[in-house]
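Enquirer: take this sequence and fold it.
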Amino acid sequence: MVNNRLLRADERLANVQWPDLQRIKAPHIGIDDCLLVCGGFEDRAIEALHRSYAAGYFGFALGLITYRPIYQQNRSDELRKIGRDAHLQITEFVYDRENPADIGEQLKHFAHDFEHVFVDISGMSRLLIVQTLVALLGESHNRAVTIIYGEAKEYPPTKAQFSQDRQSIDSEPVLSYISSGIFEVASTPELASVSMLGEAIRLVAFPSFDPMQLSNLIQELQPTYIELIHGVPPAQKNKWRTEAIDELNRPTLDALQRQKSHRASTRDYRETLRILIKVYGERSMFDRIVVAPTGSKMQAVAVGLFRSVLYDVQVVYPTPQVFTAPHEHTVGIRQLYKVDLPIEAMRIGNRGVEGSC
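Expert: Have a look, this model is predicted:
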């Protein structure tokens, strides 16, 4: 309460003291805890579990999420082997990218009996990150939740590769990296919102190295207003990526009317969260807020925290149709981080109903 006025849910969310990322060598996972991990392509998908095992942490429960459609190059078998070597109790879940509903309920049920849940987002898709956080944080259980994030050494494409590719095409940019094509713009029941007939849509989106993501979102949703959050990498050597992504998406961006641009770190989730809260506070009384977490993994964490409190926000995701070869994804791991979420402070925000008092 401020000046005898009850704070709205978004105002309470803004008042939470969000912690910075902490560098760690290995997550300290106790015997009464559980770890959620996902077997993706990248080297960093197995790093947290590998380091926990190497540091001598045994006996915790492992929730292993595997993808469907199955890609032979995914690291699920390696995760299973580490789990068996560490004598962990392994529970497996299948995440169907083309039918992503209900995974949150499964993970919430699995995590129910543990006091501390570690969520390794390193191998998770952006939508899965949001679904997991909304499921774990959107209930009254006061378990501790820690985010584990592995920052890669190298992110494709390289500057030289991008420059070479841009010079090799004669027409408008048609390049895409990491993924290409859109299967559908997914919207799951747990991330939906109630909308009024004729209500204006305000889309919050993150331009990416796959320009079809943004163009398909606009074609599908036909938003009245667009808030673009441009990701800024923390490393100086990667700063060029912001302008490169802008160049790839330029045909779509130039055609947009009623757009507003923001810039936020791809690693410091708090910058993205502040932008989301500000947009919500200024526009949610007038527009239907729809967020598409197509930015970095830590920006997807911000979307998950945001949506776990503000239920009248809808989350959608342009599901990729094709992924590039595993060697064209991130390489290695530069640093492992953790974020201990301030659950008690977030619970205060969760008492609101659809963002109201």
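
Enquirer: OK, contacts around the residue minimising distance to the centre of the chain?
Expert: Centroid-nearest residue in the chain, with CA atoms, centre = their mean: residue 300, separated by 2.3 Å. Shown in contact with residue 300 (CB atoms under 8 Å, 6 or more residues apart in numbering): 121, 126-127, 129-130, 293. C-beta coordinates here come from the backbone N, C-alpha and C atoms, glycine included.

Enquirer: report the distance from the helix or strand that it is a member of to the chain centre.
Expert: Secondary structure assignment for residue 300, by DSSP states H and E: helix 297-309. Distance, stretch centre to chain centre, for helix 297-309: 6 Å (CA atoms, centre = their mean, to the nearest Å).

Enquirer: what about whichever helix or strand comes after it, average pLDDT?
Expert: Sequence-wise, the next helix or strand downstream of helix 297-309 (DSSP H and E) is strand 314-315. Per-region confidence: strand 314-315 scores 96 on mean pLDDT.

Enquirer: with adjacent residues omitted, what lies nearest to residue 230?
Expert: Taking CB to CB, 6 or more residues apart in numbering, and ignoring the residues beside it in sequence, residue 230 has residue 263 as its nearest neighbour in space, at 5.0 Å.

Enquirer: the one you found touches residue 229, doesn't it?
Expert: Yes. With contact defined as CB atoms under 8 Å, residue 263 reaches residue 229; the gap is 7.5 Å.

Enquirer: more neighbours: which of the two?
Expert: residue 229 (26 against 12; other CB atoms under 10 Å).

Enquirer: so the more buried one sits against residue 203, correct?
Expert: No. Using CB under 8 Å, residue 229 is not in contact with residue 203; the gap is 11.0 Å.

Enquirer: about what we covered before: just send the contacts of residue 300 back as TSV, with neighbour count and pLDDT too.
Expert: What follows is the contacts of residue 300, written out as TSV (neighbours: other CB atoms under 10 Å; pLDDT from 0 to 100):
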residue	neighbour count	pLDDT
121	26	98
126	24	95
127	27	96
129	24	98
130	28	98
293	27	97
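
Enquirer: so can I have JSON lines of these showing distance to residue 190?
Expert: Below are these laid out as JSON lines (distance: CB to CB, whole Å):
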{"residue": "121", "distance to residue 190": "18"}
{"residue": "126", "distance to residue 190": "16"}
{"residue": "127", "distance to residue 190": "11"}
{"residue": "129", "distance to residue 190": "14"}
{"residue": "130", "distance to residue 190": "10"}
{"residue": "293", "distance to residue 190": "14"}
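
Enquirer: if we can go back for a sec, next one: the residue nearest to the centre of the chain relative to residue 52, how far apart?
Expert: Distance, residue 300 to residue 52, by CB to CB, to the nearest Å: 23 Å.

Enquirer: same deal with residue 96?
Expert: 28 Å.
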